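Asks: Here's a sequence, model it:
(2 chains)
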Amino acid sequence: MKIAIKRYHNQQTSINSYDVALKSPTLLEALTYINENIDHTLTFNSGCRSSVCGSCAVSVNAKPQLACAYKIQEGDLIEPMRYFEVIKDLVVDHNPAQSTLISSKSYSEPTIPTPLVSQEKEKLNELQSDCILCGVCYSACPVFETNKDFLGPFALTRVWRYVSDDRDSAKQEKIDTIQSQGVWDCTLCAECTIACPQEISSKDDILKLRTKSAQAGYSDPNFSMGMNFGSSMF
Amino acid sequence: MYDVLVVGAGGAGLSAALSALKETQSVAILSKSYPTRSQTSMAQGGINAALGNSGEDSIQSHIDDTLKSAASLAEESFVEKLCGDAPEAINWLDSIGVPFSRTKEGTIAQRKLGGASASRAAYAQDFTGLKILHTLYDQVIKSNIELINEHFMINLIVENEQIEGITALDIRSGEVKAIYAKSVILATGGYAQMYHGFSTNSSATTGDGVAAAIRAGAKLSNVEFVQFHPTALKKSKILISESARGAGGYLLNAKKERFTDELAPRDKVARAIFKEIENSGEVWLDIRHLGEEFIDENLPQEVKLAKLYEHIDPVHELIPIMPIAHYSMGGIEVNAKGMSIVDGLFACGESADHKVHGANRLGGNSLLELIVFGKESGKNAALYAKELTTFHNSDKQLQKDRELIDSIYNQDNSINFYERRNLLGESFYKNAGLFRDEEGLQNALSFLEDIKDELMQMGISDKTREYNTNLVELLEFRNIVELSEIVLNAAIKRKESRGAHFRIDYPKKDDDNFLYSAHSYRINGQLIQDFRE
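Replies: Sure thing, here's the model as predicted:
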């Protein structure tokens, strides 16, 4: 089976075709095969092989995927994930994307003493805390086409995780933080939801955060702008 | 220069750094990838603590179970610390927001794992390690701790038997740097990638810290004890969690007959499966009788993995499985403070031997070890650094390691090390696996000697400096080769059977000669191994 890989090596870009002599391999098995047997210079990241470490995300035919969870098809085009800076071949820089975790304050501020968490409350962020920080949702999000400062899907899902947790004592601060470049900048297109290998829906989490924001007295700046714009028409 | 440099960013490293931060603001964590990609993310089952939330339990029972499984090679005082601190460790994880599964009362739910006398493992569905790791990471990014990602530690810097930092390859730039620190904590994980192709471990679990430690003068202990997990998918070697058997799954041989107690301790089940595969050719895990509804609700990850990697649907078909290497019980020998015999060099997590697992680790005790001893070594490393007065700032090791990397770029590359790595993995599985004997171990050792002789012909094809994974993988392979020799020699010397170490030619436990851990260290480059208290 032949696949094509877009490479950026030694400051040069090329698209190379490789013949993978394996039966129905995952993309990660194919990349490993190429690296061990055909071309030791092919550069990519991997780790657990079982979709929990988040190392091996790449773009397959323009869709972000985990290489370990995708079965290759004849003629697939493999590229580095978009909206990430390419370092070499399929390896991209995850630091700028991960810095959204800091700017969105998506971490816990403990409450003392630690309150109990009911089974119902636990379910509020059970799925969200399955996130593996692979960057797939970030690469699927079209907002980054025009706005590189957007906090993005995984950071907002993580904010929901802590905002929905009774043990967190800084919920208001988090809601305040995500008003700018946050919940209102999402287009609700659900590309993140479709792409997520863990079946998390950041779009749904953003909607829930919008409700929390409204309850905290915030409103959609686009909506009010639109209303004003609309009223001036009359 | 840092007060505390933590090498490795899994559960142990992050816990150590957060704990050190209480004593000093000068803390950095170095990772060869990114923290959340660490092996900890793969831990599924749970983390032990005698909370008694799901039935009666006591710290003493936890201690007794752990000591029993360890087959006399655990240190009682260390086990008391591990089990005694466990409830507090879970409370801390709870306070920072780990999303544990819950009881109806809202307390942390607990389930029973192999070898435990009570339901003791706190869990978060089948993602316990993942959720602990990510929650710790969130606390780290909240703090002032500096993250040095994508740096590969080459060596430790030691002057006058005192740690002074590390040398590291900045993977992105290809530059070799010295990172000076008054204390260094190794939290670099185990070495079960020695069994390459026959291991549940991440491809990154190559014992880098353990190998660097013995090169720097530290002692290793109990390295011959490697735990095998009974059920990995046969083709892809992906782990199928113990929960499949816990829920009532059967093990079947080629005649489709059950042949062993599915819920016996890991070492026993793994050996029974290996033997059955040798005898009848095939062993399957059968969960079909549990019914589609139950399987979809309780074992969704198993279904997903079996479909993706073995092309079978476990609701209707048998799952082909085999036992493969899973966990390194041994590692860097440390004292109660987590310090090795090199002043200022600490170790925790799977890279350390805290003498709590002995010859066989209990499920749920490794995540616990990361937290309890991670915190302990973090605190002690910071206190050590604060009291340190002399520091040499030598660049000797840096010069040496720059030359080492340059020499690899210029080295002959006529032998494909990836091929040798795969063959070594096969040799280890066959000769140093679940059943060992003198002849097999000697065969593996002689194969290893051949590889050592060929190392100077194993170079790299990628001659660029930036992000050279070809180079990093060669350095990892060299670490594996170095540790392989130590593991094989320790396994040859231990002429008895105990826990995970089973010798066909010495099938009984021999307390007269082998009641102690094997210590491995080097004097003037010469490998010394002895069995002493």
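Asks: What helix or strand is residue B:165 located in?
Replies: Per DSSP states H and E: residue B:165 is located in strand B:162-170.
Asks: Would you tell me what the next helix or strand after that strand is?
Replies: Following strand B:162-170 in sequence, per DSSP H and E, is strand B:176-186.
Asks: quick one: that following strand to strand B:162-170, angle?
Replies: Counting by axes from the mean of the first three to the mean of the last three CA atoms, to 10 degrees, strand B:176-186 lies at 130 degrees to strand B:162-170.
Asks: that older thread, looking at the strand holding residue B:165 now, give me its mean pLDDT.
Replies: For strand B:162-170, mean pLDDT rounds to 98.
Asks: next one: stretch A:196-208
Replies: Averaging pLDDT along stretch A:196-208 gives 97.
Asks: Can you give the distance of that stretch from its chain's centre?
Replies: 10 Å (CA atoms, centre = their mean, to the nearest Å).
Asks: ok, longest helix in chain B?
Replies: When chain B is scanned for its longest helix (criterion: DSSP state H), the result is helix B:469-493.
Asks: Packing partners of it?
Replies: strand B:151-159, strand B:162-170, helix B:208-215, helix B:396-410, helix B:417-431, helix B:438-454, strand B:518-523, strand B:526-531 (3 or more CB pairs under 8 Å, 6 or more residues apart in numbering or on different chains; DSSP states H and E). C-betas here are computed from N, CA, C, even on glycine.
Asks: report the angle between the axes of the strand holding residue B:165 and helix B:208-215?
Replies: Using the same axes, to 10 degrees, strand B:162-170 lies at 140 degrees relative to helix B:208-215.
Asks: Run through the neighbouring helices and strands of strand B:162-170.
Replies: Applying 3+ CB pairs under 8 Å, 6+ apart, we find strand B:162-170 packed against strand B:2-7, strand B:151-159, strand B:176-186, helix B:396-410, helix B:469-493.
Asks: quick one, phi/psi of residue B:286?
Replies: Residue B:286 has phi and psi values of phi -120, psi 110 when expressed as degrees, to the nearest 10.
Asks: average model confidence for stretch B:326-335?
Replies: Stretch B:326-335 comes out at a mean pLDDT of 97.
Asks: again with stretch B:435-442
Replies: Here the average pLDDT along stretch B:435-442 is 98.
Asks: buried stuff in it?
Replies: By 16 or more other CB atoms under 10 Å in any protein chain shown, the buried positions in stretch B:435-442 come out as B:435-437, B:440-441.
Asks: what does stretch A:44-61 give?
Replies: By neighbour count on 16+ other CB under 10 Å, the buried set for stretch A:44-61 is A:44-60.
Asks: Which neighbouring elements make contact with the helix or strand that contains residue B:322?
Replies: Element membership of residue B:322 [criterion: DSSP H and E] is strand B:319-328. For strand B:319-328, the packing partners by 3+ CB pairs under 8 Å, 6+ apart come out as strand B:226-233, helix B:266-280, strand B:284-286, helix B:300-310, helix B:417-431.
Asks: Pick out the residue of the stretch 151-300 of chain B closest to chain A.
Replies: residue B:202 (4.4 Å; CB to the nearest CB).
Asks: Read off the pLDDT value for the one residue sitting closest to the centre of chain B.
Replies: Nearest residue to the geometric centre of chain B (CA atoms, centre = their mean): residue B:190, 3.0 Å. Looking at residue B:190, its pLDDT stands at 98.
Asks: who touches the nearest residue to it once chain neighbours are set aside in this structure?
Replies: Leaving aside its chain neighbours, residue B:190 sits nearest to residue B:328 (3.3 Å; criterion: CB to CB, 6 or more residues apart in numbering or on different chains). Contacts were defined as CB atoms under 8 Å, 6 or more residues apart in numbering or on different chains; by that measure residue B:328 touches B:190-192, B:207, B:210, B:223, B:225-227, B:350.
Asks: Pull the most distant pair out of those.
Replies: Spatially, the most separated pair among the contacts of residue B:328 is B:210 and B:227, at 15.7 Å (CB to CB).
Asks: the more surrounded of the two?
Replies: Taking other CB atoms under 10 Å in any protein chain shown, residue B:210 and residue B:227 do not tie; residue B:210 has more neighbours (30 against 24).
Asks: Hmm, residue B:188 and that one touching each other?
Replies: Yes. Residue B:210 is within contact range of residue B:188, at 7.0 Å (criterion: CB atoms under 8 Å).
Asks: can you list residues touching both of those two?
Replies: Counting by CB under 8 Å, 6+ apart, the residues touching both residue B:210 and residue B:188 are residue B:351.
Asks: can you list the domain ranges for chain A.
Replies: Annotated domains of chain A cover A:2-92, A:95-223 [automatic domain parsing].
Asks: Format the ones you listed as CSV; extra columns: distance to residue B:420.
Replies: Shown next, in CSV, are these (distance: least, CB to CB, whole Å):
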stretch, distance to residue B:420
domain A:2-92, 11
domain A:95-223, 31
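Asks: can you put these in TSV and add distance to chain B?
Replies: Output for the domains of chain A, formatted as TSV (distance: least, CB to the nearest CB, whole Å):
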stretch	distance to chain B
domain A:2-92	4
domain A:95-223	3
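Asks: Out of the ones you listed, which is closest to residue B:239?
Replies: Among the domains of chain A, the nearest to residue B:239 by CB to CB is domain A:2-92 (7.1 Å).
Asks: Packing partners of whichever strand or helix holds residue A:101?
Replies: Using DSSP H and E, residue A:101 sits in helix A:95-103. Judged by 3+ CB pairs under 8 Å, 6+ apart, helix A:95-103 is in contact with helix A:153-163, helix B:128-142.
Asks: Please indicate which of these has the most neighbours on average?
Replies: helix A:153-163 (a mean of 27; mean count of other CB atoms under 10 Å in any protein chain shown).
Asks: elements contacting that helix?
Replies: If you count contacts as 3+ CB pairs under 8 Å, 6+ apart, helix A:153-163 packs onto helix A:95-103, helix A:136-140, helix A:171-177, helix A:202-215.
Asks: now the buried residues of stretch B:435-442 in CSV, with distance to residue B:476?
Replies: Shown next, in CSV, are these (distance: CB to CB, whole Å):
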residue, distance to residue B:476
B:435, 28
B:436, 25
B:437, 29
B:440, 25
B:441, 23
